[in-house]
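Visitor: mind folding the following:
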Amino acid sequence: MDYLDVNRANWDSRAPIHAVRYDIDRLLGDPDAISDVVRFDLPRLGDLAGLDVLHLQCHIGTDTLSLHRLGGRLTGLDLSPVSLAEARNLAERAGAAIDYVESDVYSAPQALAGRTFDLVYTGIGAICWLPDIARWARTVAGLLRPGGRLFIRDGHPVLNALTPVVIGREPVDRDQQPWISGPGATALAIEFPYYEQREPMVWRDAVTYGGEGEVASPESVEWNHGLGEIVTAVVDAGLRLTSLTEHDSAPWEAFEGLMAFDGATGEYRLRERPERLPATFTLTAVKP
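Guide: Got it, this is the predicted structure:
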């Protein structure tokens, strides 16, 4: 099984559905509008004015357009030609000069003909599609100019390892587990790998985010990467870590029914005691 072929087909089939769901009308109706994901990033993103910015795994380009509106000179890269067609259409309709390149991440240096950038940006839900986090970090380092920065925000590996489970009919000790209401209640359990594994997790999801739209190619291939593995990969690639922040929120309802929208963050957090869950993380680094 070639994971690139499987995931390319999956994202090709998702892209037309996402193109009518990803808040496109708001982005086109207001020339200053940016995506909710990029808005969350603003406190840590820094000034983009005049910077050459590469957005890896850009999908249909909503975040790419947002980074462009913050003053960056944007290049978006993705392995899905259908996603890139949607991204180019969005940029054209928005009057934004954005360059899009078709490539998987590891082949980016060749696809970009040796170009380097002031900022490499990677957004939510990206690195889980890559089998080797150390190779990813080396690729990013090669794409950065001296003094250039890496910015990544993604799903936390703890969140990626969890799954909802229904508590059985055995008695529940509420003194020990006060957040569980009794038999039939839903809890979260670590069921999937936290650390990077050689063998991937293979999924078949007939519908895409939010259950809207049937996916023609439902199979996808993913890997989790532990937080320590991610940090070590970045440092070993010669980058200097400048910040690492863990967030208790995510821009999507990762566990349906267990999370609630939080107006203060504009994201979803656990309904009960959200401090238990590192849902996402932001990492920044610089190339000396």
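Visitor: contact partners for the residue nearest the centre of the chain?
Guide: With distances taken as Cα atoms, centre = their mean, the residue of the chain nearest its centroid is I124 (1.8 Å). Applying Cβ atoms under 8 Å, 6 or more residues apart in numbering, one finds that I124 lies in contact with V37, R153, D154, G155, A250, P251, W252, T280. C-beta here means a position set from N, CA and C on the backbone, and glycine is covered the same way.
Visitor: please name the nearest non-neighbouring residue to the second one.
Guide: What it means is R153. The shortest distance from R153 to any non-neighbouring residue, by Cβ to Cβ, 6 or more residues apart in numbering, is to T282 (4.4 Å).
Visitor: and the pLDDT at L188?
Guide: With respect to pLDDT, L188 scores 90.
Visitor: tell me which element it is part of?
Guide: Using DSSP states H and E, the element containing L188 is strand 186-190.
Visitor: that strand packs against which elements?
Guide: The contact analysis (3 or more Cβ pairs under 8 Å, 6 or more residues apart in numbering; DSSP states H and E) places strand 186-190 against strand 162-166.
Visitor: list the contacts of A189.
Guide: L162, T163, P164, V165 are the contacts of A189 under Cβ under 8 Å, 6+ apart.
Visitor: buried ones in the lengthiest strand in the chain, by neighbour count?
Guide: Assignment by DSSP state E gives strand 144-155 as the longest strand of the chain. Neighbour-count burial for strand 144-155, counted by 16 or more other Cβ atoms under 10 Å, picks out L144, G148, R149, L150, F151, I152, R153, D154, G155.
Visitor: quick one: contacts of the longest helix anywhere in the chain?
Guide: The longest helix of the chain (DSSP state H) is helix 3-18. For helix 3-18, the external contacting residues (Cβ under 8 Å, 6+ apart) are 59-60, 78-83, 85-86, 104, 129, 131, 200, 208-209, 212-213, 215-221.
Visitor: helices of this protein, start to end?
Guide: 3-18, 24-29, 36-45, 62-69, 81-94, 108-111, 133-143, 157-161, 227-236.
Visitor: so which of those helices is the most surrounded?
Guide: With neighbours taken as mean count of other Cβ atoms under 10 Å, the helices of the chain reach their highest mean count in helix 62-69, at a mean of 25.
Visitor: what's that one packed up against?
Guide: Using 3+ Cβ pairs under 8 Å, 6+ apart: helix 62-69 touches helix 24-29, helix 36-45, strand 52-56, strand 73-78, helix 81-94.
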